[in-house]
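>>> have a look; sequence and predicted model below, questions after that.
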Amino acid sequence: MAPPWLDVLDETIGACITHRRPDLEARLREKRAQQLDPKLRVLVVGESKQGKSQLVNALLNAPVCAVGDDITTTVPTFVQHADTPSAALVRNASAKGSIFHTPTERIAVPIEQVTKQASAQHVVRAEIGIPRALLDSGLVLIDTPGVGDTRSAHTASTFATLMQADAVLLVSDATGELTSAEMTLLKKVMEACPNVTVVVTKIDLVPSWRAVVERNKALLARAGVPAKLIPVSSALRLRAAKTGDQRLNTESGFPELLACVQRDIVASADLLARRAVAVVASSALSQLVTPLREELTTHDSSHTAATISTLQEAQRRVDELRRRSARWQNVLNDEMADLISDVEYDLRDRTRKILREVDKTYDEADPAIGWDKFEQWLEDNLNEAATTNFAWLMERAEWVAAKVAKNFPVYREDLIPGSVLPDDLLEPVGKLERPKIEPFSVPQKLFTGLRGSYGGVLMFGLVTSLAGMPLINVISLGAGALFGGKSILDESDQRLKRRQAAAKTAAQKHVDDFFVKFSKDVRDSGRHIQRSLRNHFSTLAEELQETLLESARSAKRAVQDDQTERERRLREGRKELDKLVTLYKRVQTLGGPAMELTA
C-alpha cells in the first residue's frame, strides 16, 4: 500500500502538469518511484580523506570499503544486506556512455577486487552485499567519492546519488572545525535531503577533539542548520570489535551513532520520507507560484504602466541572455582551440626532448650493448609524457569550464565528462624495432687487417729496398701490422656509426608513431570536453530562456488583453494561486522546511 503522503506528491505532480512544467514533473515522479522502494538509502558524503570509507567499515564491522593513503573511492559504493557476501559493478554498456547515462550492465566480481576494479572506465557504481543485522531492515549504506575532487566527474556522481538519498551522514574529521566549503556542502545537501547527521571522525588522533566538536556545534547553530553532531573513532571501534573491549567500544562513540541510525533513520523511515517529499514538493510549488504571482501582478488594471515596464524588463532580460549565450560560446570555442593547440605543442616538445636524449645517448653508446634497457627507458618516458600531457589537458579543461561559467548566469561543477580518457591511452603503438646489428666476426677482422697491411708492407718494403734490404723485412712487416690494425679500428668505427644511426632512426620512427596516435587521442578528448561543456551550458541557457520567455509572454498577454479579459484571468489566476498555496501548506505539515508562501 502506498504511503498516504504520496497523495500530496501526486497533487503536486498534477499542478506541474497543469502549469506546463515537465522538468519539475519528471523530478517529482522520480522521487515518487523512490518512495515505493522499501530500501532506506543512507549516503556517506564529505570531502576527500575525511574517513568516509573507514566509517562504513566500522559501522558494519567489515572491511567492505578499501582505505589507505593511496586509495580513493572513485564511484558510489552501495553496501546492502545479502545472505552470502557478494559484489558487482554496474557500468554503462555503451563505450560512449558517461556517468550520467542509465546503467545497463551488471558484472559480478570477487568482493576483494571490487574497489580495484571500480576505477575501470564506464563503471557508475559498485554494489556489495554482506550479512549484517544493521542492514537486514533494508538499510543501504552508500560510500561516495570525495566532494571537491579535482576529477569533477566523481563529484558529479556524488551529487547525482544524493538525489536518491533518504538520509545523509556528512563526515568531517576532528583535525579542524567545519570549513566554509564543508558548510556550503552541508547546506547544499540539505536542499536535496533535509535528514542530515554530521559525524566528526578521527577523534583518537586529536586530543583536543572536544573543543573542535563544540566549535562545530556553534557553527551549526549560527548557520541555523538543525543537524545532529556525533564524534566517533573508526579505529577504536574496529579495535574494540577485535578485542571485545566494551569500554573501548563506548569510547569510540559508535554506540551513540548506531543508536542514532536505528532511532532517527531506520525507525523513522516514514518521517524521513515525509521530510524528503516536503522538500522536493515545496521547491516545485515555489517555482510554480513565482511566475503565476508575477502574471497576476501584471494583469492588475491599476498597474498598466508597471505592466508595460515589466514587459520591457522581461524582453531586456531575454536579450541579455542571448548576448551572454553568444559570448560564452565564443569564449568556449576560442579557449578550447587554444587548449588543443597548447596541449599538442606540449606533447611535441616532450617528444623532442626524448629524441634529444636518444641522440645524445647514441652519439657515444653502442646499440649492440644494452638495447633492451634502452627500449624500456624509451617506453617509460613516452608513457610519462602521455600521462603528464593528459593530466595537463584535464587541468586546463577545468580552468576553461570555470572561465566559461563566469560569462554565464548559472554555474555548476559537473561539467567535465567522466569518459574523456581513451581506453588505449597507455597502450604501446607497436614494439620498438631493433636496428640491424652488423656482426664484425674474427674472419672479417682478419680479412680487413690483411687488406690494410698489404699497403703498409708494399710501401715500406719498396722504401727499404732502396737501402739494399729485401722487400719483406722487419720494418715492412711492422708497418703492415700497424696499417692492418688501423684498418680494423676504422672499420669498427664505421660499423658503430652505422649502428648508432640505425638506432636513432628506429627511435625517431617509434616516437613519431607515438605522437601521431596520442595527439589524435588528445584532440578527440578535447572535442569530447568541448561538446560536454557546450551541451551543459546550452541546456542551462534553454531552461533559463524558457523561464524568461514565459514571463515575457505573460507580460505581453497582460498588455494586450482588454479589461474584461484581464479581470477574468485575474480571478482564475488567484484561484490557481490559492490552490497552490493551500497545497503548499499541506506539504509543510509533512515536516518540510518552515517557509512562507502566501497568495
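Right, received. Where do you want to start?
>>> can you get me a residue count around residue 189?
Residues lying near residue 189 (other Cβ atoms under 10 Å) number 23. Any C-beta I mention is one placed from the backbone N, CA and C, and that applies to glycine too.
>>> and the residue nearest to it when sequence neighbours are not counted, what are its bridge partners?
Excluding the flanking residues, the one nearest residue 189 by Cβ to Cβ, 6 or more residues apart in numbering is residue 168, at 5.4 Å. Judged by DSSP bridges, the bridge partners of residue 168 are residue 43, residue 196.
>>> contacting residues for residue 168?
42-45, 162, 189, 193, 195-197 (Cβ atoms under 8 Å, 6 or more residues apart in numbering).
>>> let's see 10 Å
Shown in contact with residue 168 (Cβ atoms under 10 Å, 6 or more residues apart in numbering): 41-46, 142, 144, 162, 186, 189-190, 192-198, 227, 265.
>>> those in strands, which ones?
Among the contacts of residue 168, the residues falling in strands (DSSP state E) are 41-46, 142, 196-198.
>>> buried subset of those residues?
The neighbour-count test (16 or more other Cβ atoms under 10 Å) applied to those identifies 41-46, 142, 196-198 as buried.
>>> of those, closest to residue 261?
Residue 261 lies nearest to residue 42 out of these, by Cβ to Cβ, at 7.3 Å.
>>> I'd say the closest one and residue 170 touch.
No: using Cβ atoms under 10 Å, residue 42 makes no contact with residue 170, being 11.3 Å away.
>>> what residues do these two have in common as contacts?
Both residue 42 and residue 170 are in contact with residue 197, where contact means Cβ under 10 Å, 6+ apart.
>>> dihedrals phi and psi, residue 518?
Torsion angles at residue 518 (phi, psi; degrees, to the nearest 10) stand at phi -70, psi -30.
>>> shouldn't it be in contact with residue 512?
No: applying Cβ under 10 Å, one finds residue 518 not in contact with residue 512, separated by 11.1 Å.
>>> those two - which one has more neighbours?
residue 518 (23 against 13).
>>> any weak-confidence spans in the stretch 51-200 of the chain?
For the stretch 51-200 of the chain, residues meeting the criterion pLDDT under 70 lie at 69-71, 93-104, 120-121, 148-157.
>>> which stretches in it count as strands?
Remark: strands assigned in the stretch 51-200 of the chain by DSSP state E, counting those that start in this stretch are 77-81, 86-91, 105-108, 123-130, 139-143, 167-173, 196-201.
>>> what pairs with the longest one, parallel or antiparallel?
Note on strand 123-130: by DSSP bridges, its sheet partners are strand 77-81 (parallel), strand 86-91 (antiparallel).
>>> got the contact list for whatever helix or strand residue 7 lives in?
Assigned by DSSP states H and E, residue 7 falls within helix 6-18. Residues from elsewhere that reach helix 6-18 (Cβ under 10 Å, 6+ apart): 2-3, 21-29, 31-32, 35-36, 273-274, 277-278, 280-282, 284-285, 287-289, 576, 579-580, 582-584, 586-587, 589-590.
>>> report the buried residues of it.
Of all the residues in helix 6-18, those buried under the rule 16+ other Cβ under 10 Å are 6, 8-9, 11-13, 15-16.
>>> what's the answer for stretch 212-226, then?
Quick answer for stretch 212-226 (16+ other Cβ under 10 Å): 212-213, 216-217, 219-220, 225.
>>> residue 342: which of these is nearest?
Here the nearest of the buried residues of stretch 212-226 to residue 342, counting by Cβ to Cβ, is residue 219; it sits at 42.3 Å.
>>> gap between that closest one and residue 107?
43 Å (Cβ to Cβ, to the nearest Å).
>>> columns distance to residue 542 on top of the strands paired with strand 123-130, output as a markdown table?
Shown next, in a markdown table, are the strands paired with strand 123-130 (distance: least, Cβ to Cβ, whole Å):
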| stretch | distance to residue 542 |
| --- | --- |
| strand 77-81 | 33 |
| strand 86-91 | 30 |
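>>> buried residues in stretch 507-526?
Of the residues in stretch 507-526, 507, 510-511, 514-515, 517-519, 521-522, 525-526 count as buried by neighbour count, 16+ other Cβ under 10 Å.
>>> look up phi and psi at residue 82.
phi -150, psi 150.
>>> wait, what's in contact with the residue lying closest to it once chain neighbours are set aside?
Setting aside the residues directly before and after it, residue 82 is nearest to residue 129 in space (Cβ to Cβ, 6+ apart), at 2.7 Å. By Cβ under 10 Å, 6+ apart, residue 129 lies in contact with 64, 78-88, 111, 135.
>>> bridged to residue 129, which residues?
Applying DSSP bridges, one finds that residue 129 bridges with residue 80, residue 86.
>>> quick revisit: closest one of the buried residues of helix 6-18 to residue 405?
Checking the buried residues of helix 6-18 against residue 405 with Cβ to Cβ, the nearest one is residue 16 at 28.3 Å.
>>> ok, residue 212 - contacts?
172-178, 200, 203, 206, 231.
>>> actually residue 37, sorry about that
Contacts of residue 37 by Cβ under 10 Å, 6+ apart are 138, 140, 164, 166.
>>> including distance to residue 372 and neighbour count, could those go into TSV?
Formatted as TSV, the contacts of residue 37 follow (distance: Cβ to Cβ, whole Å; neighbours: other Cβ atoms under 10 Å):
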residue	distance to residue 372	neighbour count
138	58	14
140	52	19
164	53	19
166	58	23
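>>> closest to residue 347 out of those residues?
residue 164 (40.7 Å).
>>> what segments of the stretch 51-200 of the chain are helices?
Assigned by DSSP state H, counting those that start in this stretch, the helices in the stretch 51-200 of the chain fall at 52-60, 114-117, 152-162, 180-192.
>>> which of those is buried the deepest?
Ranked by mean neighbour count, these are led by helix 52-60 with a mean of 25 (mean count of other Cβ atoms under 10 Å).
>>> sec struct for the residue of the chain positioned farthest from its centre, please.
Seen from the C-alpha centroid of the chain, the residue lying at the greatest distance (Cα atoms, centre = their mean) is residue 468, 93.8 Å away. What DSSP: H, G, I helix; E, B strand; the rest coil gives for residue 468 is coil.
>>> neighbours around residue 586, how many?
The burial count for residue 586: 17, using other Cβ under 10 Å.
>>> now do the buried residues in the helix or strand it falls within.
According to DSSP H and E, residue 586 maps onto helix 563-588. By 16+ other Cβ under 10 Å, the buried positions in helix 563-588 come out as 566, 569-570, 573, 576-577, 580-581, 583-584, 586-588.
>>> least confident pick among those residues?
In terms of pLDDT, the weakest of these is residue 566, which scores 64.
>>> what comes up buried for stretch 529-544?
Those would be 529-530, 532-534, 536-537, 540-541, 544, for stretch 529-544 by 16+ other Cβ under 10 Å.
>>> the helix or strand containing residue 399 - contacts with which helices or strands?
Take DSSP H and E as the rule and residue 399 turns out to sit in helix 371-406. Secondary-structure packing of helix 371-406 (3 or more Cβ pairs under 10 Å, 6 or more residues apart in numbering; DSSP states H and E): helix 152-162, helix 304-361, helix 474-560.
>>> could you rerun that using 8 Å?
With contacts taken as 3 or more Cβ pairs under 8 Å, 6 or more residues apart in numbering; DSSP states H and E, helix 371-406 sits against helix 304-361, helix 474-560.
>>> can I get those helices in CSV with mean pLDDT and distance to residue 68?
Output for these, formatted as CSV (pLDDT from 0 to 100; distance: least, Cβ to Cβ, whole Å):
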stretch, mean pLDDT, distance to residue 68
helix 304-361, 78, 31
helix 474-560, 75, 29
